[in-house]
Structure formats: C-alpha cells, structure tokens
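Trainee: With the input below, show me the fold.
(chains A, B, C and D)
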Number of protein chains: 2
Amino acid sequence: MSKVFRAIADPTRRRVLEILRSGPMSAGELSAQFEFAKPTMSAHFAVLKEADLVEAHKDGKQVIYQLKLSVLEDALLGFARVFQLGQAVGSQPSNEDEEETRL
Amino acid sequence: MSKVFRAIADPTRRRVLEILRSGPMSAGELSAQFEFAKPTMSAHFAVLKEADLVEAHKDGKQVIYQLKLSVLEDALLGFARVFQLGQAVGSQPSNEDEEETRL
DNA sequence: TCTATAATTAGCTAAATGACTAAATGATGT
DNA sequence: ACATCATTTAGTCATTTAGCTAATTATAGA
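Mentor: Here you go, the predicted structure:
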C-alpha cells in the first residue's frame, strides 16, 4: 500500500499511468512523451512495476508496459473505505471496524 | 495532489490520519500512540498540515489536530475519476475528457 | 558475424526524507 | 519572576530519491 501511494506521489509516474490508460505501450514510446533521459524513465517504470501498478512483457527488443488497473483500484478504494469516503464505500464488502484494517 | 499522496505514502502518517478519524486530538496524545520521539512526530504532523490533510489550532499550551476529510476525499476521488475507478466515478460531476484533467 | 536498436544497469551528484538529541518557544500556574 | 509543561525548531546523520552520462545486455537484421 505504501508502495502504491509512493509511486503515484510523483507527477511523472502519474502521467505514465494516465498514458497507459489508453492501452499498453513500449518503454521507448512512453519515454518519448517526456523530456527526461531514457534511463530516468526506466527507473520510473521500475518503481511502478515494484508497486505492481504495471506489468511488463518483452516483445522482440521492446518492453511493453501495461496498466494494472485492479491494483490501483484496490489501493484507492481500500484506503477510501477506511475513511468512509465517497459513495464507493458501500460498493465493496467492508470489514468495518471489525478488527482495525491494516494500513 | 502530489503532496497528498506523498503524505499518505508513509504508514505512520496514515495511522495518524486514521486516529484522527475519531475526532480531534492534541499533538501530545497523538504522539503517545507511537514509539517515535516527539519531534519526529511533530515533523509528520507538519507534512500532513502542508498537504492540507489536517488543521491545527492552539488550545492553551496544546496544539489540537483535526482531520480534513474533504481534502482527502477530493484527492482520492479526483484521482479515481481520471482512471474511471469504482462506482464513485459517476457520483461526482466529472470533466470527462473535456480538457485533460490536471494530474 | 557484425551492426544497429531498445532497454536496463552502473555509477555519480544534489536534494529530500525520516529518525535522533538538545535547545528554543509559548502558555499556565505559583 | 520563575518553574513547568507542550510543542516546535535547529542541527546532525544515514538513507532514499530523482536526475544525469556511460556502459552493458539482448534482440533483430544485413
């Protein structure tokens, strides 16, 4: 959970995720959308992968990154539920105060 | 937005927020719930305040911290909307793809 | 096999983070 | 005025972060 929030705390990484919303894309194509050096972007991809927010698979010499929406959803809605935020609260089975949901 | 996510990326700060869910509390009482030194906790409070997630007001010699749920809500739901996550998406007036919601 | 391309790893720097102790500030009560 | 209590500020340290360039790995194609 910390990893997910840490990952999306960076605006560059949020933009990467948003780009991936429209479908999988190679590391090179992704990097081309930014002014940073490619190794810098590669490091950002690694952080996103570490947080399990994206999936990578090789296709020839390219590496294709794909958004894992479900992980983002789980983290955000899970957190939101603890704080009883939004109508989303009721839309998911909730542990309520049963034990003290792990943060 | 970055500040909010950066703030909640730390488990100690998430726990502070969760404690404040049940109502305002003084810096000292809050600190007592953790093993860290008080100045360390004070720094965490400062980060939360900087992210506008809590409000502080003095009461005698104590400083009372209070959760600002609405800011948390705006950040999380705003972000979730961009990714069309959860049922919460439809529950808020949305800019859709009108312009490219600022991340 | 050689060359070119895609991406990551290695190694560096500057700045930010999260912890600590000691000192300073501010408010109350004697 | 003084002592005490609550909190923050100052200063230090180790670690992490985010950027860079140069070097490496891995694949494809000639």
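Trainee: quick one, helices of chain A?
Mentor: For chain A, the helices defined by DSSP state H cover A:2-8, A:11-20, A:27-32, A:38-50, A:69-82.
Trainee: Say whether DNA strand D is contacted by the shortest one.
Mentor: So that's helix A:27-32. No - applying C-beta under 7 Å from any atom of the strand, one finds helix A:27-32 out of contact with DNA strand D, separated by at least 9.7 Å. For every residue, glycine as well, the C-beta is placed using N, CA and C.
Trainee: Which elements pack onto that helix?
Mentor: Judged by 3 or more C-beta pairs under 8 Å, 6 or more residues apart in numbering or on different chains; DSSP states H and E, helix A:27-32 is in contact with helix A:11-20, helix A:38-50, strand A:62-67.
Trainee: Same check on the first one?
Mentor: Counting contacts by 3+ C-beta pairs under 8 Å, 6+ apart, helix A:2-8 packs against helix A:11-20, helix A:38-50, helix A:69-82, helix B:2-8.
Trainee: looking at the ones you listed, which one has the lowest mean pLDDT?
Mentor: Ranked by mean pLDDT, the helices and strands packed on helix A:2-8 bottom out at helix A:69-82, which scores a mean of 91.
Trainee: in it, what counts as buried?
Mentor: A:71-82 (16 or more other C-beta atoms under 10 Å in any protein chain shown).
Trainee: Extract the C-alpha trace of it and format it as CSV.
Mentor: Extracted in CSV, the C-alpha atoms of helix A:69-82 (Å, rounded to 0.1, in the frame of the first residue of the first chain):
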residue,chain,number,x,y,z
LEU,A,69,-6.0,-1.0,-13.1
SER,A,70,-7.2,-3.5,-10.5
VAL,A,71,-4.2,-2.8,-8.2
LEU,A,72,-4.8,0.9,-8.4
GLU,A,73,-8.5,0.3,-7.7
ASP,A,74,-7.8,-1.9,-4.7
ALA,A,75,-5.4,0.5,-3.1
LEU,A,76,-7.5,3.6,-3.6
LEU,A,77,-10.9,2.1,-2.7
GLY,A,78,-9.4,0.1,0.2
PHE,A,79,-8.0,3.3,1.6
ALA,A,80,-11.2,5.3,0.9
ARG,A,81,-13.2,2.7,2.7
VAL,A,82,-11.2,3.1,5.9
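Trainee: picking up where we left off before, looking at the helices of chain A, which is nearest to residue B:36?
Mentor: Nearest to residue B:36, of all these, is helix A:2-8, at 16.5 Å by C-beta to C-beta.
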